[in-house]
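*Asks:* quick one: sequence plus predicted model below, questions after.
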Amino acid sequence: MAIKTIILAAGQGTRMRSVKPKVLHKIADRALLQHVYDTSQQLENNSVVIVYGHGGELVKEQLSSFDANWVEQKQQLGTGHAVQQAEGYINADDKVLILYGDVPLLKKQTIVRLLENVSQTSIGLLTVNLDDPKGYGRIIRSSEGSVLKIVEEKDASNQEKLVIEGNTGIIGAPGNLLTEWLSKLGNSNAQGEFYLTDIIEMAVNDGIEVKTNQPETQDEVLGVNDRSQLAYLERVYQLQQAQDLMQQGVTLRDPARIDVRGEFKHLGQDIEVDVNVVFEGINSIGDNVIIGANCILKNAVIADDVEILANCIIEDASVGEHSRIGPFARLRPQAELANEVHIGNFVEIKKSTVATGTKINHLSYIGDASIGSKVNIGAGTITCNYDGVNKFKTIIEDGVFIGSDTQLIAPVTVGKGATIGAGSTITKDTPDDQLTLSRAKQISLNGWQRPVKG
């Protein structure tokens, strides 16, 4: 059977107190709906239908990359009504899976177990045992333990409210049976809505067995209705990522203080990560890498034996083996560092290549530059690459020594082995193996008096 996943994403989310549709709020820098969609995409032979409503055009616009059919629920008349909007996409021989766009942490293996219960003689229902099931529909079973129906809390008797097994709303059913039951839904209940849960009792009456399974943890099936729940699930997700990293051999100084907002293309051995480090995008980290506290790495490629000291930002940049970065350094997009490079305090590199053994240790800006090997760049050096309209390139060849507080006015080339005197402003190419400097003559004025306030 093909799988047809229907993701219900039409809710307004008034408790979020936001103009943004609820399903666009983020965990780990991905929309809630993105998490649900990505999980569904792990299923084989699966196609997706998304039922949208409040702010739907914005949802479609921001998640336009989805390979899905979008269906609008113009009036929010309940979960059953929402699924009815997708009936045109349900084939008789489909296994239909109902998911929710605000339940982001559901795992593939939980879904697979649910779908194994779907046949022409049975449907699958995901339930969860809760210490406090307030707000959940209750699973009502017979004395033999078989499911009879689901009662929504507002319709439940006091006795039914004592049941701790709650309904997650996540259901798997054969397409032909589901469409038949959807056509029979009514709204004679406390909410005046068409409940999807009513199909459970219909299935029982038709002699179809309701088979249940539960997630590994309650957190898998928790939804987001307010900012507090969003923050809670963010921490749940991040702890899951931390546990995964540690299982792969990464040392985390504190698993509760790390954020992974992307993925890793490669993770080497014996990586150490201090507190408050954020990984975004797709990162590749080599062997024996040490990452200090409060660093942000986004789409970074870090080779073996690199030390990144505290408070560094590395974005769309690469660092070669045996290099040392920071503290308080920033590598911006297209910064490419070779092996054994040292980048120090308050140094910023942008769209530049830095060859083997070069040191830029203090208070410098290097942009649009090509820097050779074994170059030493003094504190306060700036490549002046922008004239307000165009950007120009600075070339510093091998073995150059640049004194502190030097400005290199691009386009300019500093020749191989050259030395630039401290405090210079270089506007022309400099020859190989020579000292070049440009300074005003120093003078002292005898008899000068400092002005004083009257």
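*Replies:* The structure has been received and is ready for your questions. Numbering: from 1, shown residues only.

*Asks:* and for the nearest residue to Gln42 once chain neighbours are set aside, the neighbour number?
*Replies:* Once flanking residues are discounted, Gln42 sits nearest to Lys108: 4.6 Å by C-beta to C-beta, 6 or more residues apart in numbering. Yep, even glycine has a C-beta here, placed from its N, CA and C like the rest. When neighbours are counted by other C-beta atoms under 10 Å, Lys108 registers 13.

*Asks:* for Asn205, see how far away Lys108 is.
*Replies:* 32 Å (C-beta to C-beta, to the nearest Å).

*Asks:* next one: Pro133
*Replies:* 25 Å.

*Asks:* re the thing from before, do I have it right that the residue nearest to Gln42 meets Thr39?
*Replies:* Yes: assessed by C-beta atoms under 8 Å, Lys108 is found in contact with Thr39 at 5.9 Å.

*Asks:* what is in contact with the two at once?
*Replies:* Residues touching both Lys108 and Thr39 (C-beta atoms under 8 Å, 6 or more residues apart in numbering): none.

*Asks:* am I right that Leu233 falls within a strand?
*Replies:* No: Leu233 is assigned helix when assessed by DSSP: H, G, I helix; E, B strand; the rest coil, not a strand.

*Asks:* report how many residues lie close to it.
*Replies:* With other C-beta under 10 Å as criterion, Leu233 counts 22.

*Asks:* tell me the first helix or strand C-terminal of whichever strand or helix holds Gly124.
*Replies:* In the assignment (DSSP states H and E), Gly124 maps to strand 122-129. Sequence order places strand 138-141 as the next helix or strand after strand 122-129, per DSSP H and E.

*Asks:* could I get the buried residue list for that next one?
*Replies:* Residues of strand 138-141 classed as buried by neighbour count (16 or more other C-beta atoms under 10 Å): Arg138, Ile139, Ile140.

*Asks:* what about the nearest residue to the first one once chain neighbours are set aside, distance to Ile170?
*Replies:* Sequence neighbours aside, Val163 is the residue nearest to Arg138 in space, at 4.1 Å (criterion: C-beta to C-beta, 6+ apart). Applying C-beta to C-beta, the value for Val163 to Ile170 is 18 Å.

*Asks:* and those two? which has more neighbours close in?
*Replies:* Ile170 (22 against 18).

*Asks:* phi and psi next, for the residue nearest to Asn45 when sequence neighbours are not counted.
*Replies:* In space, and not counting its chain neighbours, Asn45 is closest to Ala2: 5.1 Å by C-beta to C-beta, 6+ apart. Per-residue torsions, Ala2: phi -80, psi 150 (degrees, to the nearest 10).

*Asks:* what's the domain layout of the chain?
*Replies:* For the chain, automatic domain parsing gives the domain ranges 3-221, 227-436.

*Asks:* looking at the buried residues of strand 138-141, spot the one nearest Lys154.
*Replies:* Arg138 (11.3 Å; C-beta to C-beta).

*Asks:* mind listing the residues bridging to the closest one?
*Replies:* Arg138 has these beta-bridge partners by DSSP bridges: Val151, Gly166.

*Asks:* please, where are all the helices along the stretch 1-150 of the chain?
*Replies:* With DSSP state H, counting those that start in this stretch, the ranges of helices along the stretch 1-150 of the chain come out as 32-40, 56-62, 79-84, 108-115.

*Asks:* let me have these in TSV, extended by distance to Leu222 and mean pLDDT.
*Replies:* Shown next, in TSV, are the helices of the stretch 1-150 of the chain (distance: least, C-beta to C-beta, whole Å; pLDDT from 0 to 100):
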stretch	distance to Leu222	mean pLDDT
helix 32-40	11	97
helix 56-62	21	89
helix 79-84	17	95
helix 108-115	13	98
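
*Asks:* and Asp368, which of those is closest to it?
*Replies:* helix 56-62 (33.1 Å).

*Asks:* which strands or helices does the closest one pack on?
*Replies:* Applying 3 or more C-beta pairs under 8 Å, 6 or more residues apart in numbering; DSSP states H and E, we find helix 56-62 packed against strand 68-72.

*Asks:* the inter-axis angle of the strand it packs on versus helix 32-40?
*Replies:* On the basis of axes from the mean of the first three to the mean of the last three C-alpha atoms, to 10 degrees, strand 68-72 is oriented at 140 degrees to helix 32-40.

*Asks:* please identify the buried residues of stretch 314-326?
*Replies:* Using 16+ other C-beta under 10 Å as the test for burial, stretch 314-326 gives Ile314, Glu315, Ala317, Ser318, Val319, Gly320, Glu321, His322, Ser323, Arg324, Ile325, Gly326.

*Asks:* so which pair among those is furthest apart in space?
*Replies:* Every pair of the buried residues of stretch 314-326 checked by C-beta to C-beta; the farthest is Glu315 and His322, at 21.7 Å.

*Asks:* follow-up on the earlier one: CA atoms only: put the strand holding Gly124 into CSV for me.
*Replies:* Presented in CSV, the C-alpha positions along strand 122-129 are these (Å, rounded to 0.1, in the frame of the first residue of the first chain):
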residue,chain,number,x,y,z
SER,A,122,-7.8,-3.0,11.7
ILE,A,123,-6.8,0.6,12.1
GLY,A,124,-3.9,2.1,14.1
LEU,A,125,-4.3,4.6,17.0
LEU,A,126,-1.4,6.2,18.8
THR,A,127,-2.2,6.7,22.5
VAL,A,128,-0.2,7.9,25.5
ASN,A,129,-0.5,7.3,29.2
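
*Asks:* could you give the angle of that strand to helix 108-115?
*Replies:* 130 degrees.

*Asks:* now strand 122-129: buried residues?
*Replies:* Neighbour-count burial for strand 122-129, with 16+ other C-beta under 10 Å as criterion, is recorded at Ser122, Ile123, Gly124, Leu125, Leu126, Thr127, Val128.

*Asks:* what is that strand packed up against?
*Replies:* helix 108-115, strand 165-174, helix 198-205, strand 209-213.

*Asks:* enumerate every residue touching Ile170.
*Replies:* Contacts for Ile170 were tallied using C-beta under 8 Å, 6+ apart; they are Leu97, Ile98, Leu99, Tyr100, Val103, Leu106, Ile111, Leu114, Leu125, Leu126, Val221.

*Asks:* how about those in JSON lines, adding distance to Lys298?
*Replies:* Output for the contacts of Ile170, formatted as JSON lines (distance: C-beta to C-beta, whole Å):
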{"residue": "Leu97", "distance to Lys298": "34"}
{"residue": "Ile98", "distance to Lys298": "36"}
{"residue": "Leu99", "distance to Lys298": "30"}
{"residue": "Tyr100", "distance to Lys298": "30"}
{"residue": "Val103", "distance to Lys298": "28"}
{"residue": "Leu106", "distance to Lys298": "27"}
{"residue": "Ile111", "distance to Lys298": "31"}
{"residue": "Leu114", "distance to Lys298": "36"}
{"residue": "Leu125", "distance to Lys298": "41"}
{"residue": "Leu126", "distance to Lys298": "36"}
{"residue": "Val221", "distance to Lys298": "31"}
